[in-house]
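> Okay, here's the prediction I keep looking at, along with the sequence it came from:
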Amino acid sequence: MKSPTSEIPGLLPSSETSRFTVDGLQPQVAVEPKSGEEIGDLLRLAGSQNWGIVPFGAGTKQGMGNSLRRFDVALSLANFNRVPEYQPEDLVVKVESGCRLVDLQRTLAPDNLFLPIDPPYYNESTLGGIVASNASGPWRFAHGTMRDFLLGISVVQPDGTRTKFGARVVKNVTGYDMCKLYVGSFGTLGILTDFYFKLKPLPPCEKTVLVVLKGLSEVGLALDKLFSSPLTPLAVELLNPAALAVLNQSISLTDSKEGYSLVVRFGEVETAVKWQVEQLEKLWGPLCAKGIILGDIVEQNLLWEVLREDRPYLNGFQGSVIKLKINGKSNQLVELTQRLESFKEKMEGQVFVKSHAGSGVIRAFFHFATSPVQEQRMVTCIQELRSHLRSSRGSVIVESLPLALKEAIDVWGYHSKDKSLMQRIKNEYDPQGRLNPGRFVV
């Protein structure tokens, strides 16, 4: 590096840099600042030396995105792990970006409150990483995503300036909510240091219903009936037969080895939950081959952990694994599931599909033999899927893939109009391209 390392605030020993490796790239140095002022000093120094900086939380989402063009400094936010303000009576909390989600939930639980976000890597992810990637899980059906809970945010801009947007109270404002700009920005517009979130009360009673449908057409009928009914589930998940088999390996709930499964979560006062479960049985009875109701909270938590996490579908398989996040419309779910499973024949492999059925979000995991031919077939399948979704403004994001394939696949797949807008924003906030250079769309 051009500058003496003694000038770098929060510098870690050189032996620490290997744990910040991204896509096989290791930074020249790693830093762990203790304050916003130190982050600002680092960014000003980076500007004068033209360093590429990558912010780090737990690292669970560092594999997402394009390969980095430059990786000079890994900026760890491990010291930003506190909950400096918490007003349970106001349903508001202030959290630093390096705080893990699971630690925040433990702080809130004694007051029967929670932040209704349940992304993959729930036990490891930090709030900064979740905001930066806009990660979400099954709860998004009832509660939404991070954008719906973020009240305020503190940012250190690429030039070292510290800025705050929003506040701990909700106010009616005109113009653009700047907090939303940073959600899903993948650390390319500024270093996020802390947030204000609004909270919700924990449901006093929960029950989960898992059903195996007679066929994929029955899935469409079941969802139509559910969404046109007065029922208000917290989450509605769809598993294809392969994904159901993985679930059964992790938690033995049904002896059905084949079939499409819908899993519905209800949370309310006990009488309301009981009524909703009874109504669901009446709605879906003729469409189901098998159904079970879970009331035990430990068993439910284990089930939803498997549904939420990616690891059961990514790890322990031979060959190559690719994960797609497909954003479509809920009424496209059945057709898109059929299309994804048709790729299985082309790939001569397996596809595991789990969907947030009410939100139009599909997570598909392809397993196939590692070879140039199969990899090219996978690229072609992704291109076909993107072309199919273009008219409905859907998208296909490649969230996990072998490193060798990153140069062959456009992992984001955004349209030129979207790219143009993102480029203008990036040029405005980080004109030198110092933060996460090359990783996001522009």
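Sure, I can see it. Numbering: from 1, shown residues only.

> you'd agree Thr60 is up against Gly128?
No. With contact defined as CB atoms under 8 Å, Thr60 and Gly128 do not form a contacting pair (11.4 Å). Heads up, the C-betas are built off the backbone N, CA and C, glycines and all.

> higher neighbour count, these two?
The residue with the greater number of neighbours, taking Thr60 and Gly128 and applying other CB atoms under 10 Å, is Gly128; the counts read 25 against 20.

> who touches that one in this structure?
Contact partners of Gly128, counting by CB atoms under 8 Å, 6 or more residues apart in numbering, are Pro55, Gly57, Leu77, Phe80, Ser97, Gly98, Leu192.

> Helix or strand: which one has it?
In this assignment (DSSP states H and E), Gly128 forms part of helix 127-133.

> next one: whichever helix or strand comes after that helix to chain centre, how far?
Read in the C-terminal direction, the helix or strand following helix 127-133 is helix 140-143, with elements assigned using DSSP H and E. Between the mean C-alpha point of helix 140-143 and the mean C-alpha point of its chain there is a distance of 13 Å (CA atoms, centre = their mean, to the nearest Å).

> Does anything pack onto helix 140-143? Which helices or strands?
strand 235-239 (3 or more CB pairs under 8 Å, 6 or more residues apart in numbering; DSSP states H and E).

> Direction included, what does the strand it packs on pair against?
Partner strands and pairing direction for strand 235-239 (DSSP bridges) are strand 261-268 (antiparallel), strand 350-356 (antiparallel).

> I'd like the ones you listed laid out as a markdown table, including mean pLDDT and distance to Gly316.
Below are those laid out as a markdown table (pLDDT from 0 to 100; distance: least, CB to CB, whole Å):
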| stretch | mean pLDDT | distance to Gly316 |
| --- | --- | --- |
| strand 261-268 | 96 | 21 |
| strand 350-356 | 95 | 12 |
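
> Quick one, which of those strands gets closest to His388.
Distances from His388 to each of the strands paired with strand 235-239 were compared using CB to CB; the shortest belongs to strand 350-356, at 15.7 Å.

> Check what contacts that closest one and list those residues.
Residues external to strand 350-356 that are found in contact with it (CB under 8 Å, 6+ apart): 137-138, 140-141, 235-240, 242-243, 246, 307, 313, 333, 337, 340-341, 343-344, 361-368.

> now the next helix or strand after that strand, how far from the chain's geometric center?
Note on strand 350-356: by DSSP H and E, the next helix or strand toward the C-terminus is strand 361-368. Between the centre of strand 361-368 and the centre of its host chain there is 14 Å, according to CA atoms, centre = their mean.

> Show me what strand 361-368 is packed against.
If you count contacts as 3+ CB pairs under 8 Å, 6+ apart, strand 361-368 packs onto helix 311-314, strand 320-327, helix 333-347, strand 350-356, helix 372-389.

> Try it again at 10 Å.
For strand 361-368, the packing partners by 3 or more CB pairs under 10 Å, 6 or more residues apart in numbering; DSSP states H and E come out as helix 241-250, helix 311-314, strand 320-327, helix 333-347, strand 350-356, helix 372-389, strand 395-400.

> how about that strand as CSV, C-alpha atoms only?
What follows is strand 361-368 as a C-alpha-only set of coordinates in CSV (Å, rounded to 0.1, in the frame of the first residue of the first chain):
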residue,chain,number,x,y,z
VAL,A,361,-40.2,-14.8,-4.2
ILE,A,362,-38.8,-18.1,-5.2
ARG,A,363,-35.5,-19.5,-4.0
ALA,A,364,-34.2,-22.3,-6.4
PHE,A,365,-31.2,-24.4,-5.8
PHE,A,366,-29.7,-26.3,-8.8
HIS,A,367,-27.3,-29.2,-8.2
PHE,A,368,-25.5,-30.6,-11.3
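
> The protein - how does it break down into domains?
5-76, 85-201, 205-308, 318-418 (automatic domain parsing).

> Export the strands paired with strand 235-239 to JSON lines and append columns for mean neighbour count and distance to Gly319.
JSON lines is the format used below for these (neighbours: other CB atoms under 10 Å; distance: least, CB to CB, whole Å):
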{"stretch": "strand 261-268", "mean neighbour count": "23", "distance to Gly319": "25"}
{"stretch": "strand 350-356", "mean neighbour count": "24", "distance to Gly319": "10"}
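
> circling back: possible to save the domains of the chain as JSON lines with distance to Gln432?
As requested, these are exported to JSON lines (distance: least, CB to CB, whole Å):
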{"stretch": "domain 5-76", "distance to Gln432": "6"}
{"stretch": "domain 85-201", "distance to Gln432": "7"}
{"stretch": "domain 205-308", "distance to Gln432": "38"}
{"stretch": "domain 318-418", "distance to Gln432": "22"}
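
> Quick one: closest of those domains to Asp430.
Comparison of the domains of the chain against Asp430 by CB to CB identifies domain 85-201 as nearest, at 4.3 Å.

> how long is that closest one end to end?
This stretch, domain 85-201, spans 18 Å end to end (CA to CA, to the nearest Å).

> For that domain, the averaged confidence score.
When pLDDT is averaged over domain 85-201, the result is 93.

> same question, stretch 405-420
Averaged across stretch 405-420, the pLDDT comes to 84.

> Can you give me the buried ones in it?
Within stretch 405-420, the residues that qualify as buried are Leu405, Lys406, Ile409, Asp410, Val411, Trp412, Gly413, Tyr414, counting by 16 or more other CB atoms under 10 Å.

> And stretch 45-63, end to end?
Start-to-end, stretch 45-63 (CA to CA) is 27 Å.

> Same question for stretch 156-169.
22 Å.

> Same check on stretch 407-415?
18 Å.

> do the same with stretch 9-23
Across stretch 9-23, the straight-line distance between its terminal residues is 26 Å, by CA to CA.

> Compute the distance from the centre of that stretch to the centre of its chain.
On the basis of CA atoms, centre = their mean, stretch 9-23 sits 25 Å off its chain's mean C-alpha point.

> who's in contact with that stretch?
With CB atoms under 10 Å, 6 or more residues apart in numbering as the contact definition, stretch 9-23 has outside contacts at 5, 26-35, 37-42, 45, 54, 56, 59, 62-63, 65-68, 71, 73-76, 78-79, 403, 406, 436, 439.

> Generate a PyMOL selection restricted to the buried subset of the residues you listed.
Of the contacts of stretch 9-23, the buried ones can be selected in PyMOL as follows, counting by 16+ other CB under 10 Å:
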select buried, resi 27+29+30+31+32+33+38+39+40+41+42+45+54+56+59+62+65+66+68+71+73+74+75+76+406+436+439
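
> can you give me the offset of stretch 201-209 from its chain's centre?
Using CA atoms, centre = their mean, the distance from the centre of stretch 201-209 to the centre of the chain it belongs to is 23 Å.
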